[in-house]
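Student: Pasting the sequence and the predicted coordinates here, then a few questions.
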Amino acid sequence: MNNLILCGFMGCGKTTVGRLVAQLAGMAYLDLDQQIEAAAGLPIPEIFARFGQAHFRRLEHEAVAGLARLENRVVATGGGALVSPENAAAIDRKHDRVVFLDVPFPVCYERIRLSDRPLVRQNTVEQLEALFASRRPRYLAAATDTVAAAGPPQQVAQEILALAARPPACGAL
């Protein structure tokens, strides 16, 4: 099986669902944010604090570009990874399935509101909702497939596996 790349807003379930999909499918799991942290030797909040968001996005681009060399992985991207046109273009949609985990903002916010994520700490709920609204069309554009993902992680993982077993939609080629 080719790579399954999960995208969506913070708190949509990319990490939780990604681990489940990998386990159920017998695929390797890769968390892009963890890969960035390992490469930088710093946690993401510290990368933001020391070097700023622009530096983090450069590291993120390098990580996304590196996906082309991988196979048989379930990849959880960061919430902003595929918002960038350059990052979205770096994904080989003929080889990889990009699945947008579509979750309403209130559900995402409830999941992230107490987290240590830089964007959560630095923005009001209204600003986060505006960010969500601005990113959603970009997730849809980057994705080859969309899954409603507000339900239980096990159910969402099963839906992704069923989707991955089908041929890609014509528009994804």
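Tutor: Happy to help now that I have it. Residues are numbered from 1 along each chain as shown.
Student: for this structure, what spans make up the strands?
Tutor: Using DSSP state E, the strands of the chain run over 4-7, 28-31, 73-76, 97-102, 145-148.
Student: Next, the buried residues of the last one.
Tutor: By neighbour count on 16 or more other Cβ atoms under 10 Å, the buried set for strand 145-148 is D145, T146, V147. C-beta: built from backbone N, CA, C; applies to glycine.
Student: surely L140 meets F100?
Tutor: Yes - with contact defined as Cβ atoms under 8 Å, L140 reaches F100; the gap is 6.1 Å.
Student: shared neighbours of these two, anything?
Tutor: T146 (Cβ atoms under 8 Å, 6 or more residues apart in numbering).
Student: So which of these two has more stuff around it?
Tutor: The residue with more neighbours, out of L140 and F100, is F100; 25 against 12, by other Cβ atoms under 10 Å.
Student: quick one: the more buried one and A141 touch, right?
Tutor: No - look at F100 against A141 with Cβ under 8 Å: they stay out of range, at 9.3 Å.
Student: Where does pLDDT dip in this structure?
Tutor: Residue ranges of the chain with pLDDT under 70: 1, 169-173.
Student: residue furthest from the geometric center of it?
Tutor: R50 (23.6 Å; Cα atoms, centre = their mean).
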